[in-house]
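S.K.: 3D, please:
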Amino acid sequence: MRLALGISYNGQAYEGWQSQLSGRTVQDNLEKALTAFAAQRISTVCAGRTDAGVHGLMQVVHFDTDLQREEFSWTRGTNRFLPADIAVQWARPVPDSFHSRASALARRYSYVVLESPVRPSVDAGRVGWVFRPLDIDAMREAAAALVGKHDYTSFRASACQALSPVKTMARIDISRRGAYWRFDFEADAFLHHMIRNIMGCMLAIGQGLKPAGWMQEVLQARDRDAAAPTFSPDGLYFVGPVYGPEWNLPQRTPAYDGLP
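M.R.: Numbers count the residues shown, from 1 in each chain. From the prediction side, this is the model:
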């Protein structure tokens, strides 16, 4: 039997999603909890790996098991063995043809930024921070240059293992609520550090350090050195993958339907 789980986590304490020898990753903790609950070794495959310090609102994993339990039992039973900053949100049986990564039609990320003359305190580790005012019109103009199918080499980390730098960005939405800015990204796939590198450029433009047209220049350069430094992981959230209706999986995690 194949099961899919929706996972949320605060990434501050972890060395990213993917299992490491240190054991200090989200995947390591999840598989340890699943193994304890199921009393059998369980290995998971995720929809999209996240880096150290990056959070997950609806990471989706799948695994195979012969253990028969109700959906709520998988959720509550696994959570019993998880640390407080990782939680299973839902469990669903899926066909054997489902693959959490390969079946995803798109992936969504959000970046939350606090605009304040003083650094974050209660929100430390959960938001990025700028102390200069941001210009929404300039940032939206810059974002428009990135929408569509492009070679995103300028926003690609040197350690990126993707076969191609060409991706299709479906949308970039920018909104504000009080002192908090939210940047929403949806694409077929993302390169390593792609959003954090885009955010470095976006915030340089928003703060008036670069003109809006600079984003197009960076994109066309196809050179990582042309872009701004990689921005902090603190405010980055993997909102989740997008699946077709045939899989009958939640598209959002109800407990985290919104961000600051």
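
S.K.: Helices of this protein, start to end?
M.R.: With helices called from DSSP state H, the chain shows them at 26-38, 71-79, 136-144, 194-206, 214-221.

S.K.: what's the angle between the last one and helix 194-206?
M.R.: What that stands for is helix 214-221. Comparing the axes of helix 214-221 and helix 194-206 via axes from the mean of the first three to the mean of the last three Cα atoms, to 10 degrees yields an angle of 140 degrees.

S.K.: Show me the contact partners of helix 214-221.
M.R.: If you take Cβ atoms under 8 Å, 6 or more residues apart in numbering as the criterion, helix 214-221 is touched by 142-143, 145-146, 150-152, 154-155, 201-202, 204-205, 226-227. (Glycine included, C-beta is placed from N, CA and C.)

S.K.: next one: the fourth one
M.R.: Residues from elsewhere that reach helix 194-206, judged by Cβ under 8 Å, 6+ apart: 109, 111, 113, 128, 130, 134-136, 138-139, 142-143, 146, 152, 154-157, 167, 183, 185, 210-212, 214-215, 218, 224, 227-233, 236.

S.K.: give me that answer again for 7 Å
M.R.: Contacts of helix 194-206 with the rest of the structure, by Cβ atoms under 7 Å, 6 or more residues apart in numbering, involve 109, 111, 130, 134-135, 138-139, 142-143, 146, 152, 155-156, 183, 185, 210, 212, 214-215, 218, 227-231, 233, 236.

S.K.: before we move on, what about the second one?
M.R.: Residues outside helix 71-79 that contact it (Cβ under 7 Å, 6+ apart): 3, 33, 34, 37, 87, 88, 90, 91, 92.

S.K.: which of the residues you listed count as buried?
M.R.: Burial by neighbour count, judged by 16 or more other Cβ atoms under 10 Å, picks out 3, 33, 34, 37, 87, 88, 90, 91, 92 from the contacts of helix 71-79.

S.K.: Specify which member of those residues is nearest to residue 15.
M.R.: Distance ranking of those against residue 15, using Cβ to Cβ, places residue 33 first at 17.2 Å.

S.K.: now the residue nearest to residue 242 when sequence neighbours are not counted: how far from residue 15?
M.R.: Excluding the flanking residues, the one nearest residue 242 by Cβ to Cβ, 6 or more residues apart in numbering is residue 106, at 4.2 Å. Note on residue 106: its distance to residue 15, by Cβ to Cβ, to the nearest Å, is 26 Å.

S.K.: same deal with residue 223?
M.R.: Note on residue 223: its distance to residue 15, by Cβ to Cβ, is 29 Å.

S.K.: Neighbour count for the two, which is higher?
M.R.: For residue 223 versus residue 15, the count of surrounding residues by other Cβ atoms under 10 Å is larger for residue 15: 17 against 11.

S.K.: residues touching that one, list them.
M.R.: Contacts of residue 15 (Cβ under 7 Å, 6+ apart): 22, 24, 25, 52.
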